[in-house]
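1. Could you work out the structure for the sequence below:
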Amino acid sequence: MQSNYRKYVFWAVLIAVQAVWIINSDGFYFIDDSSHFNFNRHFFESFTQSTGAWHRMGRVLLFALPAQFGLKGVQIFSSLIFLLTIFIAYKILKYKNVPYAEWVIPLIGFQPVLFNISYTSLAELPAGFLILLSFYYYLKNNQKAALISSSLIFIFRQEYSYVCAVYFLIYAYKKNYKILYLAFIGPILWYIYTTLITLNPTQFFYDMTLHSRLLKIDVGVDWYYYLLHSPKIFGFLQAIFFISAIIILYLRKEINKYGLLFIFFFGGLAVQTLLALKGLNLTCSIGQLRYVAVVGPVFGIIAAVGAGFTFNKIKSSLFKYFLVLIILIISFITGPFGTPFHNKFEIEKVSEDITKFAEINYPSSRIITNMHQVANALDESQTGGRRYTLLSQKNVDSSSEALIVWCSYLEGSPFVHDDVTLKEIESIPGIKKVKEYTGTVNNCNSIPLYKFRKESDEHKWSREFIDYLAADQTTWENIDIKVFYKP
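-> Sure thing, here's the model as predicted:
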């Protein structure tokens with residue numbers, strides 16, 4: 001039932017597609033990625049950038065070395081984790097004797113949101129990898145490895161530690177008490193690491209409450225938000241095969257064989273919904289689609305079960321080849337083709353222009369700003385470097401012959417510790433505005449599929465469909481940045 005030819009074709013297509021996106025990407029995923037890259041890149045200069053709940057210890061330590069080779073180093077390393085995740089999924093399906101297990105390659109590889117973050121330094125992909133790895137060890141009855149790998153999820157995405165809790169309960173029910181301590185390895189490692197870096201035994205506990213302490217920046221999401229957008233997150237064909245898997249497994253009375261995977265998947269949706277639910281807003285979470293991409297590999301395994309058993313019913317070899325082609329084309333168009341090349345955002349281009357302007361006109365001046373993109377352009381740590389200085393009242397007061405860069409979207413941001421307003425900057429004696437950047441940029445143009453978007457009435461359906469796919473895969477930018485010189 002397995003075709004090595006089909007398996008190798010799937011691998012080749014996925015690797016080729018990902019290579020094209022990496023080659024054409026000179027920037028970052030649109031949320032958090034550029035800041036996290038800075039944490040990784042300058043880890044050896046500022047270890048404290050790896051202790052906090054937003055920095056995430058596991059993510060920084062994992063990508064710190066690849067980041068020394070620049071953005072491409074991170075992209076390639078992350079893509080290898082992505083491919084390894086899919087390989088583990090394939091091994092799980094082979095262990096369960098699912099026919100045509102190779103279908104898991106495109107059904108995970110071409111998931112829209114997961115593919116979009118598959119070559120970034122974000123924490124979601126490593127967390128998804130650990131979920132599958134722990135389940136693989138669980139199937140192989142390697143109980144210690146299952147607990148350890150699931151416990152390490154905590155140092156990437158704490159909220160997905162419910163996976164480890166499930167294994168803990170299973171092994172406790174089996175009265176295997178001697179290994180239960182392994183479930184706490186992840187949190188203990190993070191605690192020891194934070195305490196050694198900060199020399200503060202309470203810092204870890206304070207850091208863990210970060211996301212609940214931050215101001216809420218959105219109204220939250222409805223209870224059905226992630227369910228409604230599942231086809232957009234995990235892929236339309238993937239969703240069809242996922243539903244068919246539920247029906248097939250129910251008819252075969254084998255739902256229980258995949259019970260843990262269903263718990264992991266729906267648990268992920270439930271946790272993220274709860275954290276961002278309207279009226280509750282337990283954290284500053286705003287319902288980003290990438291948050292549930294962590295369980296994308298789990299979703300893909302179940303979808304591959306549906307695809308495998310469906311494919312197994314088809315007798316005609318010619319029809320099978322036809323279906324392979326059609327499924328690959330559709331999943332590619334609604335998957336990677338609907339995600340952007342990670343081109344430089346306007347704010348990154350502006351930051352590079354500011355640093356060049358400073359180098360030519362103010363070569364000895366420090367640059368005071370909260371824009372980490374400027375730190376990236378200078379290749380310095382966003383906590384402070386040779387020229388880069390954080391924008392705070394103290395730094396403004398103590399600096400002379402400095403450039404102050406103000407950005408409208410950072411004023412009043414909950415992520416800025418010491419806010420200095422435009423009005424306060426303009427009131428500084430002798431201050432002079434030397435440069436200004438304004439404009440609106442639609443970064444959806446970086447999405448290949450978006451180029452087929454037409455404004456005419458006869459293309460209304462396709463336009464709305466493309467807009468639906470593009471939303472939350474990238475963003476518009478409203479640039480309002482002012483550069484001042486303080487003598």
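2. drop to CA atoms for contacts and neighbour counts, all remaining ones
-> Will do.
3. buried stuff in stretch 98-105?
-> The neighbour-count check on stretch 98-105 (16 or more other Cα atoms under 10 Å) flags 98-105 as buried.
4. I'd like to know which of the residues you listed are part of helices.
-> Judged by DSSP state H, helices contain the following of the buried residues of stretch 98-105: 104-105.
5. and which of the buried residues of stretch 98-105 is nearest residue 230?
-> Closest approach between the buried residues of stretch 98-105 and residue 230, by Cα to Cα: residue 104, at 17.3 Å.
6. Number of residues surrounding residue 478?
-> Residue 478: 15 surrounding residues under other Cα atoms under 10 Å.
7. Now it: which helix or strand?
-> Assigned by DSSP states H and E, residue 478 belongs to strand 476-486.
8. Mind listing what's buried along that strand?
-> Residues of strand 476-486 classed as buried by neighbour count (16+ other Cα under 10 Å): 479, 481-486.
9. could you redo these as a markdown table and give each row pLDDT and distance to residue 325?
-> Formatted as a markdown table, the buried residues of strand 476-486 follow (pLDDT from 0 to 100; distance: Cα to Cα, whole Å):
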| residue | pLDDT | distance to residue 325 |
| --- | --- | --- |
| 479 | 96 | 43 |
| 481 | 97 | 48 |
| 482 | 97 | 52 |
| 483 | 97 | 53 |
| 484 | 97 | 57 |
| 485 | 96 | 59 |
| 486 | 95 | 62 |
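10. what's the closest of the residues you listed to residue 148?
-> After measuring these against residue 148 - Cα to Cα - the closest member comes out as residue 479, at 45.3 Å.
11. is it true that the closest one touches residue 410?
-> No: using Cα atoms under 8 Å, residue 479 is not in contact with residue 410; the gap is 11.3 Å.
12. Quick one: the helices in the stretch 51-200 of the chain, in order.
-> Under the criterion DSSP state H, counting those that start in this stretch, the stretch 51-200 of the chain contains helices at 57-67, 71-95, 104-109, 112-116, 124-139, 143-151, 162-173, 185-198.
13. among those helices, which is nearest residue 46?
-> With respect to residue 46, and counting by Cα to Cα, the nearest of the helices of the stretch 51-200 of the chain is helix 185-198 at 10.0 Å.
14. about what we covered before: let me have the buried residues of stretch 98-105 in a markdown table, adding distance to residue 446 as columns.
-> What follows is the buried residues of stretch 98-105, written out as a markdown table (distance: Cα to Cα, whole Å):
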| residue | distance to residue 446 |
| --- | --- |
| 98 | 38 |
| 99 | 38 |
| 100 | 35 |
| 101 | 33 |
| 102 | 31 |
| 103 | 29 |
| 104 | 28 |
| 105 | 25 |
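15. okay, the residue lying closest to residue 179 once chain neighbours are set aside: pLDDT?
-> Nearest residue to residue 179, sequence neighbours excluded (Cα to Cα, 6 or more residues apart in numbering): residue 144, at 6.5 Å. Residue 144 carries a pLDDT value of 97.
16. And for residue 283?
-> Reported pLDDT for residue 283: 66.
17. As JSON lines, the helices of the stretch 51-200 of the chain with distance to residue 299 would be great.
-> Below are the helices of the stretch 51-200 of the chain laid out as JSON lines (distance: least, Cα to Cα, whole Å):
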{"stretch": "helix 57-67", "distance to residue 299": "23"}
{"stretch": "helix 71-95", "distance to residue 299": "10"}
{"stretch": "helix 104-109", "distance to residue 299": "8"}
{"stretch": "helix 112-116", "distance to residue 299": "11"}
{"stretch": "helix 124-139", "distance to residue 299": "11"}
{"stretch": "helix 143-151", "distance to residue 299": "18"}
{"stretch": "helix 162-173", "distance to residue 299": "15"}
{"stretch": "helix 185-198", "distance to residue 299": "25"}
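18. which one of those helices lies closest to residue 356?
-> Evaluated over the helices of the stretch 51-200 of the chain, closeness to residue 356 peaks at helix 71-95, with 20.2 Å, by Cα to Cα.
19. From the rest of the structure, what touches that closest one?
-> With Cα atoms under 8 Å, 6 or more residues apart in numbering as the test, helix 71-95 has contacts from 18, 22, 26-27, 37, 63, 66-67, 101-102, 104-105, 108-109, 118-121, 125-126, 128-129, 132-133, 136, 297, 301, 305.
20. ok, now stretch 440-448?
-> With contact meaning Cα under 8 Å, 6+ apart, stretch 440-448 is reached by 337-343, 345-346, 450-451, 470, 474-479.
21. Which positions in it come out as buried?
-> By neighbour count on 16+ other Cα under 10 Å, the buried set for stretch 440-448 is 443-448.
22. Can you give me the end-to-end span of that stretch?
-> Taking Cα to Cα, to the nearest Å, the first and last residues of stretch 440-448 lie 20 Å apart.
23. what's the average pLDDT for that stretch?
-> For stretch 440-448, the mean pLDDT works out to 96.
24. and that stretch, how far from the chain's centre?
-> Centroid separation between stretch 440-448 and its chain, computed with Cα atoms, centre = their mean, to the nearest Å, is 19 Å.
25. ok, the buried residues of stretch 98-105 vs residue 273, which is closest?
-> Distance to residue 273 across those (Cα to Cα) is lowest for residue 104, with 26.4 Å.
26. which residues sit in contact with the residue lying closest to the closest one once chain neighbours are set aside?
-> Setting aside the residues directly before and after it, residue 104 is nearest to residue 304 in space (Cα to Cα, 6+ apart), at 4.9 Å. Going by Cα under 8 Å, 6+ apart, residue 304 touches 101, 103-104, 107, 241-242, 245.
27. before we move on, what about residue 208?
-> Residues near residue 208 by Cα under 8 Å, 6+ apart: 52-53.
28. picking up where we left off before, just the buried ones out of the contacts of stretch 440-448, please.
-> 337-343, 345-346, 450, 470, 474-475, 479.
29. Out of these, which sit inside helices?
-> 346, 470.
30. Now the element after the lowest-mean-pLDDT helix or strand in the chain, going C-ward?
-> Lowest by mean pLDDT, DSSP states H and E among the helices and strands of the chain is helix 210-213, with a mean of 65. For helix 210-213, the following helix or strand on the C-terminal side (DSSP H and E) is helix 225-228.
31. where does the stretch 1-150 of the chain have low pLDDT?
-> Scanning the stretch 1-150 of the chain for pLDDT under 70 picks out the ranges 1-3.
32. care to break the chain down by domain?
-> Domain assignment of the chain by automatic domain parsing yields the ranges 4-338, 346-486.
33. out of these, deepest packed?
-> Each of these was scored by mean neighbour count; the highest is domain 4-338, a mean of 19, by mean count of other Cα atoms under 10 Å.
34. Ends of that one, what's the gap?
-> End-to-end span of domain 4-338 (Cα to Cα): 29 Å.
35. Strands along the stretch 251-400 of the chain, start to end?
-> 367-368, 388-389 (DSSP state E, counting those that start in this stretch).
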